[in-house]
Structure formats: structure tokens, C-alpha cells
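Colleague: curious how this folds, go ahead:
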Amino acid sequence: MTALPTAAAALVAAFFSQSAVAGCYVVYGPNKDIVYRAPEPPVDMSRQVHETLPLVAPGSTLVFSPDDFGCELTINKLPLASASVPGGMRPARADRG
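Modeller: All right, here's what the predicted structure looks like:
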């Protein structure tokens with residue numbers, strides 16, 4: 001029965017590794033102005049940022065930090081179209097041909 005404690009330890013370790021999240025997400029627009037700042041990510045973080053961020057804020061840069069200093073005042077100047085889609089991503093269009 002040594003497999004059960006080992007499996008339980010692996011499961012606990014997996015939970016702790018998945019809980020490593022940032023405390024503050026800041027998106028800088030192409031002109032270096034802050035267009036988004038909040039404790040919640042502006043995009044689906046289960047995907048690569050270079051795949052998702054250009055769909056929400058083209059030409060922008062995402063910076064995240066483990067502390068939440070400055071995130072008390074949320075800023076969201078992202079387009080409403082991207083904010084209304086879960087995860088901040090727009091659905092892909094199917095070619096109609």
C-alpha cells in the first residue's frame with residue numbers, strides 16, 4: 001500500500017504547482033500607456049500569451065507580478081468585443097467558401 005501515499009503526495013504537489021498565479025496583471029499598449037491593470041488576467045493564461053494577447057490588445061505587452069501593489073484600482077481600456085468573450089479571446093471564423 002505504498003502506492004497510495006505516493007499518489008496522494010503527487011496530487012498535493014500538483015495542486016500547489018497549479019496555484020502559482022500572479023497578483024497583478026498589467027497590459028501596456030503600443031504607446032506604453034497602461035490599458036489594463038487588475039488581479040485577473042486579461043487573457044486565457046492556459047494558452048501562450050503570444051497567441052492570446054494580440055487578439056485582445058494588438059501591439060501590447062503583458063507584465064505580471066506576484067505582488068498586488070497598485071492593483072487596487074482596476075484599469076480596463078480593452079475593447080468591449082474582446083472583454084465579452086470568455087478568456088478574452090475571440091472565436092475563430094470559419095471560412096465559408
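
Colleague: now do the contacts for the residue lying closest to Ala57 once chain neighbours are set aside.
Modeller: The shortest distance from Ala57 to any non-neighbouring residue, by C-beta to C-beta, 6 or more residues apart in numbering, is to Val27 (5.5 Å). All C-beta atoms are positioned from the backbone trio N, CA, C, and that covers glycine. By C-beta atoms under 8 Å, 6 or more residues apart in numbering, the residues touching Val27 are 34-37, 42, 53, 56-57, 60-63, 78.

Colleague: same deal with Leu78?
Modeller: Val27, Val35, Tyr36, Pro42, Val56, Ala57, Gly88.

Colleague: mind listing the helices for the chain?
Modeller: Counting by DSSP state H, the chain has helices at residues 3-18, 49-56, 80-83.

Colleague: now the second one: average pLDDT?
Modeller: This predicted structure assigns helix 49-56 an average pLDDT of 93.

Colleague: what's the local residue count around Ser46?
Modeller: 8 (other C-beta atoms under 10 Å).

Colleague: coming back round to it: show the pLDDT at the residue nearest to Ala57.
Modeller: Predicted confidence (pLDDT) for Val27: 95.

Colleague: likewise Gly23?
Modeller: For Gly23, the predicted pLDDT is 91.

Colleague: from what I see, it and Cys71 are in contact.
Modeller: Yes. If you go by C-beta atoms under 8 Å, Gly23 and Cys71 touch, sitting 6.7 Å apart.

Colleague: now do the strands in the protein.
Modeller: 24-28, 34-38, 61-65, 75-76 (DSSP state E).

Colleague: by how many degrees do the third one and strand 24-28 diverge?
Modeller: So the one you mean is strand 61-65. In terms of direction (axes from the mean of the first three to the mean of the last three C-alpha atoms, to 10 degrees), strand 61-65 departs from strand 24-28 by 160 degrees.
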